[in-house]
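**Q** Provided below for reference: sequence and predicted model.
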Amino acid sequence: MSQPVEHIIDPNDIAAQCDHIEITESSLHAQVPSVVKKLLSSWATKKCYEHISPVSMPSQEKIIAIVEQAKRILFPGYFTNSRLHAANLEYYIGKQTTDLYDKVAEQITMAIRHDCRRHELPCTNCEARSHALALRFIESLPKIAALLATDIRAALAGDPATESPDEVIFCYPGLQATMIFRLAHELFALDAPIIPRIMTEYAHNLTGIDIHPGATIGEEFFIDHGTGVVIGETTIIGDRVRLYQGVTLGALSLPRDAGVTMRNKKRHPTIENDVIIYANTTILGGDTVIGEGSVIGGNIWLTESVAKGTKVLLKRPELIYSHS
């Protein structure tokens, strides 16, 4: 039986290969400056986008931190490392809320200044305006907390898989997305630039639920499971509405220049009180109204209004069974 031939590595060969790699890497490295020049050229001709300015943009990282701090205020004791009790609650909430006010004011100031620069507008009284908007946002927190309490109760009433508000607060992506939406919506209503979208896209990334901050959503809102839900900017949702995963409340096919011609127009549907929309249903159009108390089944495509108290269901498909 033949013995395997042992491969002997010549140290000189290794040195030669290393020298070759070193020469190759050096020659490749020398080509990087030409790429830098091409990048600079593209920005100089405005073919690509840049933000090279003494005016700072809002910080995505700090806005996400604002969302997380707001969670600690809205649900004290749930997302904190330290134990809270009656004796220190007022101090804790006061400190957190004051700190949040300063952080929100800072980011709104940056957003307004950047917006003025982008539109080539004079930027006057930016800080005073930003602090006023930040205060109005802080003043909305009790309302948001009350709305979220109704959303939690809706989850408890609508989902037999849980009987614990703690589970809903910690674990339900629908509540996470709704909470961040409600924060972002207040800033959107105050015309704070870009910050609301950064917030809701953070929620989208966390949960798979995409709610535009411009949407209007009533109380006792419940998204069950949630992945793939899309709610457009001009959507109006009433009270006690329940959505399941994959629901889209969107716009009809838009023209190529829709960003200009359709802005500030009603493009998304209206969902009235006490409506249930089951999984993977798509409802489109600004004139589409789903009447109060209606039930829309799964896998439906709707581009027309539905009267109050209507059930919309697909005809049962024909199933074919085969046996090998």
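**A** All right, it came through fine. Numbering: from 1, shown residues only.

**Q** can you count the residues close to Arg197?
**A** 17 (other CB atoms under 10 Å). All C-beta spots, glycine's among them, are computed from the backbone N, C-alpha and C.

**Q** Please tell me the pLDDT value assigned to the residue nearest to Lys308 when sequence neighbours are not counted.
**A** Spatially, and ignoring its direct neighbours in sequence, Lys308 is nearest to Gly291 (3.7 Å; CB to CB, 6 or more residues apart in numbering). In this model, Gly291 is scored at 98, pLDDT.

**Q** do the same with the one 5 residues further on
**A** The predicted local confidence for Ile296 comes out at a pLDDT of 98.

**Q** Buried residues, stretch 190-210. List them.
**A** Within stretch 190-210, the residues scored as buried using 16 or more other CB atoms under 10 Å are 190, 192-204, 207-210.

**Q** Kindly apply the preceding question to stretch 158-174 instead.
**A** For stretch 158-174, the neighbour count (16+ other CB under 10 Å) marks 159, 165, 168-169, 172-174 as buried.

**Q** helix/strand/coil for Leu121?
**A** Look at Leu121: counting by DSSP: H, G, I helix; E, B strand; the rest coil, its state is coil.

**Q** Excluding sequence neighbours, find me the nearest residue to it.
**A** Among residues not flanking Leu121 along the chain, Asp115 sits closest, at 7.8 Å (CB to CB, 6+ apart).

**Q** Quick check: that neighbour vs Pro193, distance?
**A** Asp115 is 4 Å from Pro193, where distance means CB to CB, to the nearest Å.

**Q** do Gly94 as well
**A** 29 Å.

**Q** and Asn299, how many neighbours?
**A** Neighbours of Asn299 (other CB under 10 Å): 13.

**Q** ignore the last one, Tyr91
**A** By other CB under 10 Å, 10 other residues sit near Tyr91.

**Q** sec struct for it, please.
**A** Look at Tyr91: counting by three-state DSSP, its state is helix.

**Q** gap between it and Ser82?
**A** Separation of Tyr91 from Ser82 (CB to CB) stands at 11 Å.

**Q** go on, Arg153?
**A** From Arg153 over to Ser82 the distance is 28 Å, taken as CB to CB.

**Q** cool, Phe188 as well?
**A** Using CB to CB, Phe188 is found at 32 Å from Ser82.

**Q** who has more neighbours, the two?
**A** Taking neighbours as other CB under 10 Å, Phe188 and Ser82 compare with Phe188 leading, 21 against 7.

**Q** tell me the SS of Asn264?
**A** Counting by three-state DSSP, the backbone at Asn264 sits in coil.

**Q** Let me see the contact set for Arg197.
**A** 184, 212-213 (CB atoms under 8 Å, 6 or more residues apart in numbering).

**Q** for Gly246, that is, sorry about that
**A** Per CB under 8 Å, 6+ apart, neighbours of Gly246: 227-229, 279-281.

**Q** tell me the SS of it?
**A** coil.

**Q** ok, back up a step: quick check: the farthest pair among the buried residues of stretch 158-174?
**A** Using CB to CB, these span at most 15.7 Å, a distance reached by Pro165 and Pro173.

**Q** Please parse this structure into its domains.
**A** Listed by automatic domain parsing, the domain ranges of the chain are 57-209, 228-315.

**Q** Take these and lay them out in CSV including distance to Gln31.
**A** Converted to CSV, those look like this (distance: least, CB to CB, whole Å):
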stretch, distance to Gln31
domain 57-209, 32
domain 228-315, 39
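
**Q** So for Thr45, which of these sits nearest?
**A** Of all the domains of the chain, it is domain 57-209 that lies closest to Thr45, at 18.4 Å by CB to CB.

**Q** quick revisit: dump the residue contacts of the residue nearest to Lys308.
**A** Residues counted as contacts of Gly291 (CB under 8 Å, 6+ apart) are 272, 275, 305-310.

**Q** so where's the stretch 101-250 of the chain uncertain?
**A** Within the stretch 101-250 of the chain, no stretch has pLDDT under 70.

**Q** Strands of the stretch 201-324 of the chain, residue ranges please.
**A** Under the criterion DSSP state E, counting those that start in this stretch, strands of the stretch 201-324 of the chain are mapped to 210-211, 216-217, 222-224, 230-231, 236-237, 242-244, 248-250, 270-271, 276-277, 282-284, 289-290, 295-296, 301-302, 311-312.

**Q** So for Val35, which of those sits nearest?
**A** It's strand 210-211; of the strands of the stretch 201-324 of the chain, that one is closest to Val35 (CB to CB) at 35.3 Å.

**Q** Check which helices and strands that closest one sits against.
**A** helix 173-189, helix 195-207, strand 230-231 (3 or more CB pairs under 8 Å, 6 or more residues apart in numbering; DSSP states H and E).

**Q** Check which helix or strand the closest residue in space to Thr97 that isn't next to it in sequence maps to.
**A** Of all residues not flanking Thr97 in the chain, Ile73 sits nearest, at 5.9 Å (CB to CB, 6+ apart). Using DSSP states H and E, Ile73 maps to helix 60-74.
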